[in-house]
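[1] no sequence for this one, just the structure:
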């Protein structure tokens, strides 16, 4: 067995041992507090393999091939943060894996990358870390879905967990605007809809708004009415200049704008910060 294979095998064992420790610890606490009215198990998933990682010597020497079932440790960490409350623990693991040389562009099963998983779980901080380490926002999985597609499919489940921040980050790192048919998936997050609409030169007609339930429409009435009024209307010259500059910069938009010596308010505007006005 080569040195690389040995290091890979060690990483695989570490990952499996930590996951098993998670399950065993959770099971033990649940059994210890068993019975009607007992306190539910509260031990946080992910803590064991986060803490165990810190005990591993020289993690930078480990290599990052796919494990037997087609997933990398980085992919597993990004998919493991299924609840936003767990994102902080998994973020630390992701940061350590990236620092040790994990490649965020390596896809796992079904060509799902770590970025696909982070977007599907709506974890903005993990998404940002992956993008800053070179994750590609326009890579499609075997079903043809990009990370942005995965995000929009998750908005309904995580409307209060800043999906707009992820949409903004993806667009600022080169993701292409989605088909207007997919905008309906943003209805529970007007902030996300705003970010997506600001990636077009014209507010498209959103025919799906006519079929929204009264309850949903009333909840987001002010912004949806604004979208109706602006549909088909010329955008401001300011917006068109922003659109042209972003098009020119492409995937370099975020780093390039961040380095400009201009007021922070203008930087925020160029990077699609929300203001609720569709200016």
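    Cool, the structure landed. Please read all numbers here as calculations on a predicted model, not as lab measurements. Numbering: from 1, shown residues only.

[2] Quick check, pLDDT for the closest residue to residue 189 other than its chain neighbours.
    Leaving aside its chain neighbours, residue 189 sits nearest to residue 159 (4.5 Å; criterion: Cβ to Cβ, 6 or more residues apart in numbering). For glycine as for every other residue, the C-beta is placed from the backbone atoms N, C-alpha and C. For residue 159, the model assigns a pLDDT of 93.

[3] who's in contact with residue 180?
    Taking Cβ atoms under 8 Å, 6 or more residues apart in numbering as the criterion, residue 180 is in contact with 200, 204, 205, 206.

[4] Please enumerate the helices of the protein.
    With DSSP state H as the criterion, the chain has helices at 3-32, 47-55, 73-80, 87-99, 114-120, 124-132, 147-154, 163-172, 190-197, 214-219, 221-230, 237-249, 253-258, 264-270.

[5] Nearest to residue 277 among the ones you listed would be which one?
    For residue 277, the closest of the helices of the chain is helix 221-230, at 7.7 Å, according to Cβ to Cβ.

[6] list the buried ones in that closest one?
    For helix 221-230, burial by neighbour count (16 or more other Cβ atoms under 10 Å) applies to 224, 226, 227, 230.

[7] what helices or strands is it leaning on?
    Secondary-structure packing of helix 221-230 (3 or more Cβ pairs under 8 Å, 6 or more residues apart in numbering; DSSP states H and E): helix 190-197.

[8] List the buried residues in the helix it packs on.
    Within helix 190-197, the residues that qualify as buried are 190, 191, 192, 193, 194, 195, 196, 197, counting by 16+ other Cβ under 10 Å.

[9] what's the answer for stretch 83-92, then?
    Neighbour-count burial for stretch 83-92 [16+ other Cβ under 10 Å]: 83, 86, 87, 89, 90, 91, 92.

[10] Would you mind putting those residues into JSON lines with distance to residue 153 alongside?
    Converted to JSON lines, the buried residues of stretch 83-92 look like this (distance: Cβ to Cβ, whole Å):
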{"residue": "83", "distance to residue 153": "17"}
{"residue": "86", "distance to residue 153": "20"}
{"residue": "87", "distance to residue 153": "18"}
{"residue": "89", "distance to residue 153": "24"}
{"residue": "90", "distance to residue 153": "20"}
{"residue": "91", "distance to residue 153": "22"}
{"residue": "92", "distance to residue 153": "27"}
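
[11] which ones are touching the residue nearest the centre of the chain?
    Central residue of the chain (Cα atoms, centre = their mean): residue 119, 3.0 Å from the mean position. The contact partners of residue 119, by Cβ under 8 Å, 6+ apart, come to 127, 147, 148, 150, 151, 154, 166, 170.

[12] biggest separation within these, which pair?
    154 and 170 (12.8 Å).

[13] Which residue of these two possesses the greater neighbour count?
    Neighbours per residue, other Cβ atoms under 10 Å: of residue 154 and residue 170, the larger number sits with residue 170, 24 against 18.

[14] measure the more buried one to residue 153 for me?
    14 Å (Cβ to Cβ, to the nearest Å).

[15] try residue 233
    From residue 233 over to residue 153 the distance is 29 Å, taken as Cβ to Cβ.

[16] Looking only at neighbour counts, state which of these two leads.
    For the pair residue 233 and residue 153, the greater number of neighbours falls to residue 153 (14 against 10), based on other Cβ under 10 Å.

[17] so the more buried one makes contact with residue 120?
    Yes. If you go by Cβ atoms under 8 Å, residue 153 and residue 120 touch, sitting 7.2 Å apart.

[18] Thank you kindly, that will do.
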